[in-house]
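Novice: Sequence and computational prediction follow.
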Amino acid sequence: MYDLPLHLWFSITRLGGAGLTLPLAVAIALWLALGYTRRLAVGWLVIVGAAAAVVALTKIAFLGWGVGIRAWDFTGVSGHSMLSTAVYPVAFFLTLLPTRASIRLFGVACGIAAGLAVGLSRVVLSAHSPSEAVAGCVVGALAAVLFVWWAWDTKAGKLSAVPVAVSLLMLTAALHDVRVPTQHWITHIALHLSGRERPFIRARWKAGHEAPHPVIAPPAGRSAALAPSFV
């Protein structure tokens, strides 16, 4: 499996990109509001939003303050892994909601498998460590299972599977290669909150070479006066 061509791994990893999964999450909420209840739609957005907040907070903590687990090479929950493992199971569940329980369960399992494939791709492409990808899959799967458990007894039959499936497939095809600079935004927030000039970097952090505070050079006019004298 690891011998897949590199371009295939990139195609798999793009399935977890925020430029695709976040619009899919919104589309799911719209279908829930239109075909079922606004309560379900809001509940879904709250659940996936909370999972996204876990990703953002762990990344901000590392980039701004160097908070992580060196022994596990953990610097933050993988966003690609979390989003794909949260969104795809719920997309399958929504599409198959009018069907019997066994088919719905199979769809949820397929969605989780897709998220796991994205998580594996992040490790293969060296975008995340195994611990970060696993954490992302766990957080995403918990979000998906929580929503599915909550919505399981929703009365089926209000939505036809065809328009839901077609719309979600079209959205996936259209946005598969769309990229959103979420990492840049998170880094900017981390630096703003921590007051650092530069974010913590994994390699230097693992080696213990990162300074705990920003190093600010003195003004040019004062550099000579502040310089130590060895005369």
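Specialist: Noted; the coordinates are in hand.
Novice: So the closest residue to R70 other than its chain neighbours: helix, strand or coil?
Specialist: Nearest residue to R70, sequence neighbours excluded (C-beta to C-beta, 6 or more residues apart in numbering): K206, at 5.9 Å. (C-beta placed from N, C-alpha, C; glycine too.) Assigned with DSSP: H, G, I helix; E, B strand; the rest coil, K206 falls in the helix class.
Novice: which helices and strands does the longest helix seen in the chain pack with?
Specialist: Secondary structure assigned by DSSP state H gives helix 38-65 as the longest helix of the chain. Applying 3 or more C-beta pairs under 8 Å, 6 or more residues apart in numbering; DSSP states H and E, we find helix 38-65 packed against helix 18-35, helix 79-95, helix 130-151, helix 182-194.
Novice: Need the winner for burial among those helices.
Specialist: helix 79-95 (a mean of 29; mean count of other C-beta atoms under 10 Å).
Novice: and it, what's its mean pLDDT?
Specialist: Confidence over helix 79-95 (mean pLDDT, whole number) is 97.
Novice: Contacts for the strand or helix carrying L8, please.
Specialist: For L8, the element it lies in under DSSP states H and E is helix 6-14. Outside helix 6-14, the residues that touch it by C-beta atoms under 8 Å, 6 or more residues apart in numbering are 20, 80, 117-118, 120-122, 124-125, 127, 176-177.
Novice: any idea which of those has the most stuff around it?
Specialist: Counting neighbours by other C-beta atoms under 10 Å, the top entry in the contacts of helix 6-14 is H80, with 31 neighbours.
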